[in-house]
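Chemist: Starting from these lines, generate the structure:
(one chain, ligands or ions: 1)
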Amino acid sequence: MDLLLRNLFQTLGKSRSVNRLAKKYGLRFGAGRFVAGETIRQAIDAVRKLNGEGRMATLDHLGEFVYSAEEAEQSADMCLRTLDAIADSGVRSNLSLKMTSLGLDIDRELCVANMKRILNRARMHGNFVRIDMEDYAHCQATLDIYRELRREYGNVGIVLQAYLYRTEQDVRELNALRANLRLVKGAYKESPSVAFPEKKDVDENLKRIIRQHLLNGNYAAIASHDEAIVSYAKAFVEERGIGRDAFEFQMLYGIREDLQKRLADEGYRVRVYVPYGIDWFGYFMRRLAERPANVWFVLKNMLK
Ligand code: FDA
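Modeler: Predicted coordinates for the structure are as follows:
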């Protein structure tokens, strides 16, 4: 049953027509638990509240289906506006983005140009940009562009996914760039030819790459709601005498608030990934796919 729901949510999330329909009707079915709002103002308010409770944020303007150069430019413009809004409001947040929304599938050079516009603006504001990692089909291209940008910019980081067999090698290679990495389990449906099919192997690999990256002396964003992973990381840094300024914990907006607050109260750096925008459906479906039990939460909201 879980597998069936997981596949259903993953398929729905990728459907352009369903996404378009969802966009028309505004945040529904309880998506507001995971998405901070449709406007930049709502997003900044959500970040301000998190900041007030000792948590930092990374804002993501949602936009997943970009098929023209014009749409890619608009998406990049929204990233600029988000960076400006962060600077104007004085909230503690950086920016996360996806390269496909900046035109990766349309024209590589357009995507690079959009990334540079965004990184220049972030640099002007003294801010940082994190490149999310999408499905396997985009992994190599995303990493190649990251490497190219990293030569010119110090304010850019990327995400690596523990479910991919290739990731341990990527962590090794990115050490040469002193990469700032967000380490996650991985959210897309991937073939066993490229990704560990068993959860326990993904968990082990996440611990392995956390160790590897921290021991290399590079900044790590440990992004997981899994208490076992969080406890593992806490014990590891304690044992190795790694300072609390060498890493941060990251979690998604609306998930494990209790754990987020507890870690912040304990004095760890905590950053919450705060998505916003009208293109919320694909993101919402991925959150449901991660935890099909969330379907009850959706049904409850539909009946309200
Ligand atoms: P796991 O799936 O084992 O969950 C552990 C516990 O967390 C669950 O038992 C439950 O309590 C809670 N939980 C997890 N997911 C939940 C959900 N959807 N709803 C309610 N409770 C939930 N992936 C990717 O491929 N590319 C990326 O760029 C990113 N970026 C990213 C940023 C940040 C800040 C986070 C936290 C995560 C990502 N991810 C991601 C998603 C990541 O790959 C992964 O799918 C989720 O974090 C779920 O995995 P966990 O590590 O939380 O563990």
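Chemist: quick one: contacts for L4?
Modeler: L4 makes no contacts at all, as judged by CB atoms under 8 Å, 6 or more residues apart in numbering. The way it works is simple: take the backbone N, C-alpha and C, and place the C-beta from them, glycine included.
Chemist: isn't there a helix covering it?
Modeler: Yes - assigned with DSSP: H, G, I helix; E, B strand; the rest coil, L4 falls within a helix.
Chemist: can you pull the pLDDT of it?
Modeler: pLDDT for L4: 81.
Chemist: and the gap between it and G30?
Modeler: 20 Å (CB to CB, to the nearest Å).
Chemist: Then Y163?
Modeler: Remark: distance between Y163 and G30 (CB to CB) = 27 Å.
Chemist: More neighbours: these two, which one.
Modeler: Set Y163 next to G30 and count neighbours by other CB atoms under 10 Å: Y163 wins out with 23 against 19.
Chemist: wait, doesn't the more buried one sit right on P192?
Modeler: No - taking CB atoms under 8 Å as the definition, Y163 is not a contact partner of P192, at 10.2 Å.
Chemist: now stretch 153-164, how far from the chain's geometric center?
Modeler: 10 Å (CA atoms, centre = their mean, to the nearest Å).
Chemist: Give me the mean pLDDT for that stretch.
Modeler: pLDDT averaged over stretch 153-164 gives 98.
Chemist: Identify each buried residue in that stretch, please.
Modeler: Y153, N155, V156, G157, I158, V159, L160, Q161, A162, Y163, L164 (16 or more other CB atoms under 10 Å).
Chemist: Show the contacting residues for the second one.
Modeler: With contacts defined as CB under 8 Å, 6+ apart, the neighbours of N155 are L119, A122, R123, N127, F128, V129.
Chemist: ok, what's across the strand from A220?
Modeler: Taking DSSP bridges as the rule, A220 bridges to L181, F247.
Chemist: My read is that it contacts F247, right?
Modeler: Yes - at 4.3 Å, A220 counts as touching F247 under the criterion of CB under 8 Å.
Chemist: A strand includes I44, no?
Modeler: No - when three-state DSSP is applied, I44 is found to be helix, with no strand at that position.
Chemist: just the residues of the stretch 151-300 of the chain that are near the ligand, which are they?
Modeler: Where the stretch 151-300 of the chain comes near the ligand, counting by CB under 6 Å from any ligand atom, the residues are 159, 161, 182, 184-188, 223-226, 250-252, 255-256, 273, 287, 290-291, 294.
Chemist: rewinding a little: show me which of the buried residues of stretch 153-164 is closest to the ligand.
Modeler: Of all those, the one sitting nearest the ligand is V159; the distance, using CB to the nearest ligand atom, is 3.8 Å.
Chemist: Identify the residues contacting the host helix or strand of that closest one?
Modeler: Taking DSSP states H and E as the criterion, V159 maps to strand 156-161. The contact list for strand 156-161, computed with CB under 8 Å, 6+ apart, reads 119, 128-133, 142-143, 146, 149-150, 167, 170-171, 174, 179-187, 195, 209, 219, 221, 223.
Chemist: Strand partners (parallel or antiparallel) of it?
Modeler: Within its sheet, and counting by DSSP bridges, strand 156-161 is paired with strand 129-131 (parallel), strand 181-184 (parallel).
Chemist: Would you mark the buried spots in stretch 96-112?
Modeler: Counting neighbours by 16+ other CB under 10 Å, stretch 96-112 gives 96-106, 110-112 as buried.
Chemist: Report the mean per-residue pLDDT for that stretch.
Modeler: Mean predicted confidence for stretch 96-112 is 97.
Chemist: likewise stretch 205-218?
Modeler: 98.
Chemist: Contacts for it, please.
Modeler: By CB under 8 Å, 6+ apart, stretch 205-218 touches 160, 162-163, 167-168, 171-172, 175, 178-181, 183-185, 196, 220, 222, 224, 229, 232-233, 236-237, 240, 242, 246-247.
Chemist: low-scoring stretches of the stretch 1-150 of the chain, by residue?
Modeler: Scanning the stretch 1-150 of the chain with the threshold set as pLDDT under 70 gives 1, 24-27.
Chemist: Near the ligand, which residues of it are found?
Modeler: D132, M133.
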